[in-house]
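# Structure here, sequence nowhere to be found:
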């Protein structure tokens, strides 16, 4: 789910030319798994929105536009991906602010900390300072499982850096397995209530 | 501040080639005024963030990436602007969710409703349903004034559509003038307290 480096950027639509034609087969496969999780989270958010349970939106990938061709109707002909300075998702749940990052790994045993950017840690710390709800959704595709982990736990681990990656076993201790379903792919909202109960 | 149609898209950086070279002189001038207001709001948000008063981020302009050239280091060579399905800004203030749209007009007398997209009205209604704080910041460049108007007021006007534009005089009745300063360009947070007092 990261870029640059060959993984399909989040701005790219599944199935478009860009997604199909890149040469980096293996990385694309990993990227696609990441995109699948992202797509499942988007579907879950759509479900919550329809039911009026919460309203969560995904921030678009920031892109620096340099050249636009107006002769053919505003086609961007030169642009660059920029690094997301925050997380991918935020929204409102009963008046409360929530903010989270979704990460997917193909590893059976851990999620590398290199997947989490320093500016995301910084952003989530500020969210917590503002009394917002902050967490991670971490997907282990090999196990077909996703965990809800409060941001505070990951920030503490990140700062201590006892290891270069978050072990799968650690997720089970500090997070909770998210219930999966058909239309509501990942039902993470009950875990917001569990970890961040309303006063 | 809108696109397509010749106005400088929000994804474009001020002073880059794209901003400079478009032929639509008059519209660019209006667009630049819009970008100036946007830049002032960004600076105000930066100030609030530094002081730990609230945390507001701007959503990037959504762009559909079609082609990327990896031979020169991930240059996007074909992409299209997409319509923002929400508002430009959201964030957290003492645990509470806030969401707003910033609009600028060169007119002395009104803001055309065509500046406000149906999907933005829909989004802000959902924010209010979720008990979030929702509002507009409306800038009249000819008066060097900006008004804080609760989203509920504008949604009601939009649905009734007594006129095709929101009169300047109406803003004074239903909104409040935002205090301007040097580093804190538009101090809108006291008006959040005024219109949406914490319980």
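Received the coordinates, thanks. All values derive from a computational prediction rather than experimental measurement. Residues are numbered from 1 along each chain as shown, chains lettered A, B, ... in the order given.
# what sits up against stretch A:185-198?
Stretch A:185-198 is contacted by residues A:40-41, A:43-44, A:48, A:53-54, A:93-94, A:96, A:98, A:133, A:135, A:137, A:146, A:148, A:150, A:176, A:178-181 when judged by C-beta atoms under 8 Å, 6 or more residues apart in numbering or on different chains. (Glycine included, C-beta is placed from N, CA and C.)
# mind listing what residue A:99 touches?
Shown in contact with residue A:99 (C-beta under 8 Å, 6+ apart): A:86-87, A:89-91, A:123-124, A:127, A:132-134, A:151, B:92.
# closest to residue A:102 among those residues?
The shortest approach to residue A:102 among the contacts of residue A:99 belongs to residue A:89, at 6.8 Å (C-beta to C-beta).
# Quick check: the gap between that closest one and residue A:195.
Distance of residue A:89 to residue A:195, computed by C-beta to C-beta, to the nearest Å: 16 Å.
# And those two? Which one has more around it.
Comparing residue A:89 with residue A:195 by neighbour count (other C-beta atoms under 10 Å in any protein chain shown), the higher total belongs to residue A:89, at 20 against 17.
# Show me what the more buried one bridges to in the sheet.
residue A:58, residue A:100 (DSSP bridges).
# rewinding a little: list only buried entries from the contacts of stretch A:185-198.
A:40-41, A:44, A:48, A:53-54, A:93, A:96, A:98, A:133, A:135, A:137, A:146, A:148, A:150, A:176, A:178 (16 or more other C-beta atoms under 10 Å in any protein chain shown).
# ok, which of those also contact chain B?
The subset of those within reach of chain B, by C-beta under 8 Å from any C-beta of the partner chain, is A:54, A:93, A:96, A:98.
# Contact partners for the first one?
Read that as residue A:54. A:48, A:91-94, A:98, A:189, B:130.
# Out of these, which comes closest to residue A:67?
Comparing the contacts of residue A:54 against residue A:67 with C-beta to C-beta places residue A:91 closest, at 33.8 Å.
# So that closest one, which state does it fall into?
Following DSSP: H, G, I helix; E, B strand; the rest coil, residue A:91 is assigned to strand.
# hang on, it packs against residue B:92?
No: between residue A:91 and residue B:92 there is no contact under C-beta atoms under 8 Å: 10.7 Å.
# what about residue A:37, neighbour count?
Around residue A:37 there are 23 residues (other C-beta under 10 Å).
# Please identify the helix or strand for it.
Per DSSP states H and E: residue A:37 is located in helix A:25-51.
# taking the mean pLDDT, what do you get for that helix?
Helix A:25-51 shows a mean pLDDT of 82.
# From the contact counts, what lies against it?
When contacts are defined as 3 or more C-beta pairs under 8 Å, 6 or more residues apart in numbering or on different chains; DSSP states H and E, helix A:25-51 packs onto strand A:55-58, strand A:89-93, strand A:96-105, strand A:186-187.
# Okay, buried residues for the helix or strand just after the longest one please.
On the C-terminal side of strand A:96-105, the closest following helix or strand by DSSP H and E is strand A:110-112. Residues of strand A:110-112 classed as buried under the neighbour-count rule (16+ other C-beta under 10 Å) are A:110-111.
# Neighbouring strands - and their directions - for strand A:110-112?
Strand A:110-112 is paired, per DSSP bridges, with strand A:165-167 (antiparallel).
# Pull out the buried residues from the strand it pairs with.
A:165-166.
# does the most far-flung residue of chain A relative to its centre count as helix, strand or coil?
Here chain A reaches farthest from its C-alpha mean at residue A:71, the gap being 36.7 Å by C-alpha atoms, centre = their mean. Under three-state DSSP, residue A:71 falls in the coil class.
# Which members of the ones next to chain B among the buried ones among the contacts of stretch A:185-198 are the farthest-apart pair?
A:54 and A:96 (9.1 Å).
# contacting residues for residue A:179?
Neighbour list for residue A:179: A:186-187, A:190 [criterion: C-beta under 8 Å, 6+ apart].
# about what we covered before: pipe the helices and strands packed on helix A:25-51 into TSV and attach mean pLDDT per row.
Below are the helices and strands packed on helix A:25-51 laid out as TSV (pLDDT from 0 to 100):
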stretch	mean pLDDT
strand A:55-58	97
strand A:89-93	98
strand A:96-105	97
strand A:186-187	98
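# Done for today, thanks.
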